[in-house]
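what's the 3D shape of this:
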Amino acid sequence: MNAHDIETLIAQALNLHAEALNSDDCTDVPDGVEEVAGILTFEEAGVLTRDAGLVMRTRDGSSFQITVVQSR
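Residues are numbered from 1 along each chain as shown. Okay, here's the model as predicted:
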């Protein structure tokens with residue numbers, strides 16, 4: 001696994017949790033996930049970098065960039 005694999009895994013997991021809130025079978029989602037409006041990878045968001053990472057937007061309009069770096 002590399003940083004881009006982790007980036008994709010985290011984005012998919014957070015988006016699934018956010019989607020679960022909108023379904024009838026919402027059972028076990030992390031506290032605060034209701035504030036997440038969307039998660040995109042840097043590539044999907046068009047961030048001009050070679051780093052792996054995520055852009056997270058919240059319902060209040062805030063935006064966060066989270067860089068994923070593989071430690072050695």
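
Give the other helices and strands that the helix or strand of the chain with the lowest mean pLDDT contacts.
Between all helices and strands in the chain, the lowest mean by mean pLDDT, DSSP states H and E belongs to helix 3-21, at a mean of 84. If you count contacts as 3 or more Cβ pairs under 8 Å, 6 or more residues apart in numbering; DSSP states H and E, helix 3-21 packs onto strand 36-41, strand 52-58, strand 63-68. Any C-beta I mention is one placed from the backbone N, CA and C, and that applies to glycine too.

For those strands, give me JSON lines that also has distance to residue 11 and mean neighbour count.
Conversion of the helices and strands packed on helix 3-21 to JSON lines gives the following (distance: least, Cβ to Cβ, whole Å; neighbours: other Cβ atoms under 10 Å):
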{"stretch": "strand 36-41", "distance to residue 11": "5", "mean neighbour count": "17"}
{"stretch": "strand 52-58", "distance to residue 11": "6", "mean neighbour count": "19"}
{"stretch": "strand 63-68", "distance to residue 11": "10", "mean neighbour count": "14"}
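
Put together JSON lines for those, with mean pLDDT and distance to residue 8 on each row.
As requested, the helices and strands packed on helix 3-21 are exported to JSON lines (pLDDT from 0 to 100; distance: least, Cβ to Cβ, whole Å):
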{"stretch": "strand 36-41", "mean pLDDT": "88", "distance to residue 8": "6"}
{"stretch": "strand 52-58", "mean pLDDT": "93", "distance to residue 8": "9"}
{"stretch": "strand 63-68", "mean pLDDT": "95", "distance to residue 8": "10"}
